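1. I would like the atomic coordinates for the input below:
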Amino acid sequence: MEGDDVDMAAAESTETDLDDMKRRLKEMEEEAAALREMQAKVEKEMGSVQDPAAAATSQANREEVDSRSVFVGNVDYSCTPEEVQQHFQSCGTVNRVTIRTDKYGQPKGYAYVEFLEAEAVQEALLLNESELHGRQLKVTAKRTNIPGMKQYRPRRSNPFMRPRGPFMAPYFFAPYGYGKVPRLRMATRYSPYF
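-> Numbers count the residues shown, from 1 in each chain. As a prediction, the model looks like this:
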């Protein structure tokens, strides 16, 4: 009789443990589904879609936004976006002003102004060399950045480096006009300066 009581208590205990585990597993699955949903929403907002058709439409959208924007250089470091917006308000309706900053939050000295209509860009270009906070602004149409199209700049030669070609003995001019005579080194002790 005592053995039966122990088995019944153990069976009830394993059933409650099993129910508890099933409940926790269900909660974890619901949480994982919510995380996947949030991740998909963030990826959609960030534009990190892998679909080539969607990437082409985002590129076209970016080009359309860039056609309504201007680059403003030589912006004073103490300028706020509101002051830049006020300066370009006469051209048309300003949608957004972006003043670029470095990793420490300090302004880099240039900004982008996006308008609602593309005609405002031509009006904004007339404000080239106008003054804001005592500095002459440089206003140009914004160009569209094409990823992977970095200009190739070959390596410049350094006049202080020796050429990396095959070894050639240095020449010097003989004092009596015999032309170039190869100068050969004598076998001496090792010297790192030659």
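
2. Helix or strand next in line after the lengthiest helix in the chain, which one?
-> Looking across the chain with DSSP state H, the single longest helix is helix 2-46. Following helix 2-46 in sequence order, the next helix or strand is helix 52-67 (DSSP states H and E).

3. Would you mind getting the angle between that following helix and helix 2-46?
-> Computed with axes from the mean of the first three to the mean of the last three Cα atoms, to 10 degrees, the direction of helix 52-67 lies at 40 degrees from that of helix 2-46.

4. Return helix 52-67 as CSV; C-alpha atoms alone will do.
-> Output of helix 52-67 as CSV, limited to C-alpha atoms (Å, rounded to 0.1, in the frame of the first residue of the first chain):
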residue,chain,number,x,y,z
PRO,A,52,16.4,42.8,-56.2
ALA,A,53,13.1,44.3,-57.4
ALA,A,54,12.6,46.0,-54.1
ALA,A,55,16.2,47.2,-54.1
ALA,A,56,15.6,48.7,-57.6
THR,A,57,12.5,50.5,-56.4
SER,A,58,14.4,51.9,-53.4
GLN,A,59,17.2,53.1,-55.7
ALA,A,60,14.6,54.8,-57.9
ASN,A,61,13.0,56.4,-54.8
ARG,A,62,16.5,57.5,-53.6
GLU,A,63,17.2,59.1,-57.0
GLU,A,64,13.8,60.9,-56.9
VAL,A,65,14.5,62.3,-53.4
ASP,A,66,18.0,63.4,-54.4
SER,A,67,16.5,65.3,-57.4
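
5. same question for it, mean pLDDT?
-> Averaged over helix 52-67, pLDDT sits at 79.

6. Next SSE downstream of it?
-> strand 69-73.

7. helices and strands around the next helix or strand after that next one, which ones?
-> Counting by DSSP H and E, the element after strand 69-73 in chain order, helix or strand, is helix 81-88. Here helix 81-88 touches strand 94-101, strand 107-115, strand 131-132, going by 3 or more Cβ pairs under 8 Å, 6 or more residues apart in numbering; DSSP states H and E. From N, CA and C alone the C-beta is placed, and that goes for glycine too.

8. now those as TSV including mean pLDDT and mean neighbour count?
-> Output for the helices and strands packed on helix 81-88, formatted as TSV (pLDDT from 0 to 100; neighbours: other Cβ atoms under 10 Å):
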stretch	mean pLDDT	mean neighbour count
strand 94-101	94	15
strand 107-115	95	18
strand 131-132	94	14
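
9. Nearest approach to residue 156 belongs to which of these?
-> strand 107-115 (25.9 Å; Cβ to Cβ).

10. Neighbouring strands - and their directions - for that closest one?
-> strand 69-73 (antiparallel), strand 94-101 (antiparallel) (DSSP bridges).

11. Run through who's touching the helix or strand that that strand is followed by.
-> Using DSSP H and E, the helix or strand that follows strand 107-115 in sequence is helix 119-125. For helix 119-125, contacts defined as Cβ atoms under 8 Å, 6 or more residues apart in numbering pick out 67-70, 88, 90-93, 113, 115, 139-141.
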